[in-house]
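> Pasting the sequence and the predicted model now:
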Amino acid sequence: MVSYVVVSKNKTVMRSKELLELFLAHASLTLPEMVRLSGIPKSSVHRMLGSLEEMGFVERSADGSYRLGLLFLQYGQLVAERLDVRQVARSYMMRLRDEVDEAVNLILPDGDCAIYIEKMETDKPVRVYTRIGRRAPLYAGACPRILLAHWSEEQLEAYLQRVELVPIARGTLTDKGELRQVLAEARANGYAISHSELEEYSSALAAPIFDHAGCAVAGISLAGPEARFQQDDLGELAEKLKRTALSISRELGYQG
């Protein structure tokens with residue numbers, strides 16, 4: 001019974017997506033038009049439209065036709081804002097990569113995770129490969145954690161109540177008390193560091209990127225093999241990383 005319900009829900013989601021995609025080529029559509037174009041039974045289309053309208057994904061006009069809801073404007077604005085961070089950061093990331101000859105990554109928060117949206121790879125033969133689109137929990141790795149370090153106390157406590165710290169590599173933090181301490185150090189230092197948390201024998205340094213309101217909206221990191229991120233190297237790397245993060249933040253309107 002459970003598996004049947006899951007399959008049924010997945011099918012409904014996919015069919016709803018098919019209906020929404022019809023509006024890529026049509027400003028508005030009637031129910032019969034959507035049935036004809038999609039090939040989905042009329043009763044199913046009618047039911048899905050009701051749900052989509054209730055959630056704000058579509059709106060019904062006075063003549064009974066449907067169009068995309070204003071909710072998509074909000075989502076579109078959010079996507080545009082996030083892409084702006086990427087566009088601003090790219091030139092700074094390339095400059096930092098060329099200066100220190102290590103891979104540079106850019107991440108954005110996505111719920112309780114971080115998503116990697118841009119990277120500048122190094123030419124060194126030994127390196128850490130990070131795929132654009134990769135997701136990582138906020139507690140693991142320097143770059144995701146630098147975002148978590150700038151959450152409010154209320155947000156952080158709620159997060160720690162609902163999340164389980166699952167080990168990903170041998171260095172992943174799994175103790176919430178230790179995580180709180182590491183987050184406090186990251187806020188005080190202006191950067192986070194990790195060793196073998198997301199990948200074995202890899203290290204990362206990360207700094208926050210702030211927007212005009214002073215919110216940490218992204219993170220930038222240097223990543224590479226642990227051997228190249230030893231204590232003697234960290235001070236200079238961290239300063240260069242923080243300067244880069246601040247330059248990007250300034251372009252986003254940050255005044256702090």
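That came through fine.

> and L49, what does it touch?
Going by C-beta atoms under 8 Å, 6 or more residues apart in numbering, L49 touches L19, L31, M34, V58, Y66. For every residue, glycine as well, the C-beta is placed using N, CA and C.

> Tell me which of those fall in helices.
L19, L31, M34 (DSSP state H).

> Tell me the one among the contacts of L49 nearest to R243.
Each of the contacts of L49 was scored against R243 by C-beta to C-beta, and V58 proved nearest at 47.0 Å.

> need the contact list for that closest one.
L20, F23, L49, L52, Y66, R67, L68, G69.

> Skipping its backbone neighbours, what lies nearest the second one in space?
If the residues on either side of it in the chain are set aside, F23 comes closest to L68, at 5.0 Å by C-beta to C-beta, 6 or more residues apart in numbering.

> Look up the residues forming beta bridges with the one you found.
Taking DSSP bridges as the rule, L68 bridges to V58.

> A206 too?
A192, S221.

> and what of F210?
A216.

> before we move on, the earlier item: as TSV, the contacts of L49 with pLDDT and distance to G256 would be great.
Formatted as TSV, the contacts of L49 follow (pLDDT from 0 to 100; distance: C-beta to C-beta, whole Å):
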residue	pLDDT	distance to G256
L19	93	45
L31	95	52
M34	96	50
V58	94	41
Y66	95	45
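
> If we only consider those, which is nearest to K42?
Nearest to K42 among the contacts of L49: L31, at 7.2 Å, using C-beta to C-beta.

> how near is that closest one to A213?
43 Å (C-beta to C-beta, to the nearest Å).

> repeat for C113
Applying C-beta to C-beta, the value for C113 to A213 is 22 Å.

> What score does M1 have for pLDDT?
Looking at M1, its pLDDT is 45.
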